[in-house]
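[1] no sequence on this one, just coordinates:
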C-alpha cells in the first residue's frame, strides 16, 4: 500500500523544514508528501519545495488546499490519503499503523489520538478530553491527522469547500461509510494557538463555534469570528 501525506500550509516558514524533515523516513518507505500553500507571505514554499514530492499553491482555506493536494499527480497512486497540519508530528510507524488497521477491519477512515508538546497539566487534560470526545462521537479534528482510503475520499467527494469546521463536516459524512478507526498511537501537535489566545479562552471559543455550527451557522461567519478573537 502507498500513503500520500497532504499538508496545507500558510506562513509556516519558521518550522516547515523541520516538519518535513521528520517525514523523511516515511518517504523512504514510499510515502509521498504534497505541500499545498494557501498564499503565504513568507518563504514557506521556497523552503518546502526541496523537502516534498510536490509543492502546490491553491486558494486559501484548508478544505480547498487539502482537496488540491489529494488531486495532485503524486497522490493519484496512493491507496490512503493522510491530512497533516504543519505543526503536528506523526508517530514513527504511522504508515504501518494505518495500513495494518485498515487491512484488519472493514473501516475506511480514521485518526490518531492527540497529545500536545510542550504540555501542561491543563493541556494534557484538553488532549484527553479531545480523544475521549472523538471516540464517543466518531468525529475527528484536523489536529488528529485524519486518514482515509482513496476510494472513500473519492466517494465523499473530498472536503466540503467551507471556511471552518471542514474536519467536523467531513467526519459527519464519513461516518455514513464506516465508523472511524481511533488509533491510540499519538500525534504530537504544538499548543501555540491555544497559548496565543489562552487555553480556557480557546476552549470556550471552540465550544461556542461548534455549537453555532451544529445549530446551522454559516461557516464563513464562524471563520470570521474565529479570526477576530485575539
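    That came in fine, so what should we check first? Just so it is clear, the structure is predicted and the values come from calculations on it, not from any experiment.

[2] Nearest residue to the spatially most central residue of the chain in space, please, no chain neighbours.
    Residue closest to the mean C-alpha point of the chain, counted by CA atoms, centre = their mean, is residue 142 at 3.4 Å. Nearest residue to residue 142 in three dimensions, chain neighbours excluded: residue 167, at 4.3 Å (CB to CB, 6 or more residues apart in numbering). Where C-beta positions appear, they are placed from N, C-alpha and C, glycine not excepted.

[3] Check residue 95 too.
    Per CB to CB, 6+ apart, closest to residue 95 is residue 3, 4.9 Å.

[4] By mean pLDDT, point me to the weakest helix or strand of this structure.
    Here the helix or strand of the chain ranked lowest by mean pLDDT, DSSP states H and E is helix 219-228, holding a mean of 78.

[5] Quick check: buried residues in it?
    Using 16 or more other CB atoms under 10 Å as the test for burial, helix 219-228 gives 219, 222, 223, 226.

[6] cool, stretch 126-142 as well?
    Result for stretch 126-142 [16+ other CB under 10 Å]: buried residues 126, 127, 130, 131, 134, 139, 140, 141, 142.

[7] and the first one, which of the three is it?
    When you say that, I think you mean residue 126. Recorded secondary structure, residue 126: helix (DSSP: H, G, I helix; E, B strand; the rest coil).

[8] residues touching it, list them.
    116, 194, 199, 203 (CB atoms under 8 Å, 6 or more residues apart in numbering).

[9] ok, which stretches of the protein are helices?
    13-21, 24-28, 44-48, 62-71, 73-76, 94-103, 121-137, 150-155, 166-174, 192-197, 199-214, 219-228 (DSSP state H).

[10] Mind giving me the packing neighbours of the shortest one?
    Put plainly, it is helix 73-76. strand 3-9, strand 32-37 (3 or more CB pairs under 8 Å, 6 or more residues apart in numbering; DSSP states H and E).

[11] Need the contact partners of it.
    For helix 73-76, the external contacting residues (CB under 8 Å, 6+ apart) are 4, 6, 32, 34, 53, 54, 69, 81, 150.

[12] Format the residues you listed as TSV; extra columns: distance to residue 174, neighbour count and pLDDT.
    Converted to TSV, those look like this (distance: CB to CB, whole Å; neighbours: other CB atoms under 10 Å; pLDDT from 0 to 100):
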residue	distance to residue 174	neighbour count	pLDDT
4	17	25	98
6	16	26	98
32	22	23	97
34	20	26	98
53	25	16	97
54	25	18	97
69	18	26	97
81	12	25	98
150	13	18	96
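
[13] ok, of those, which one's closest to residue 182?
    Among the contacts of helix 73-76, residue 81 lies closest to residue 182 (CB to CB), at 17.9 Å.

[14] Residue 148 is in contact with the closest one, correct?
    Yes - assessed by CB atoms under 8 Å, residue 81 is found in contact with residue 148 at 5.6 Å.

[15] that older thread, out of the buried residues of stretch 126-142, flag the one nearest to residue 27.
    Using CB to CB, these come closest to residue 27 at residue 142, 21.7 Å.

[16] That closest one and residue 187: what is the separation?
    Distance, residue 142 to residue 187, using CB to CB, to the nearest Å: 11 Å.

[17] And for residue 163?
    Residue 163 is 24 Å from residue 187, by CB to CB.

[18] now residue 227
    To residue 187, residue 227 is 25 Å away according to CB to CB.

[19] ok, back up a step: make a ChimeraX selection of whichever of the contacts of residue 126 turn out to be buried.
    The following ChimeraX line selects those of the contacts of residue 126 that are buried, judged by 16+ other CB under 10 Å:
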select :116,194,199
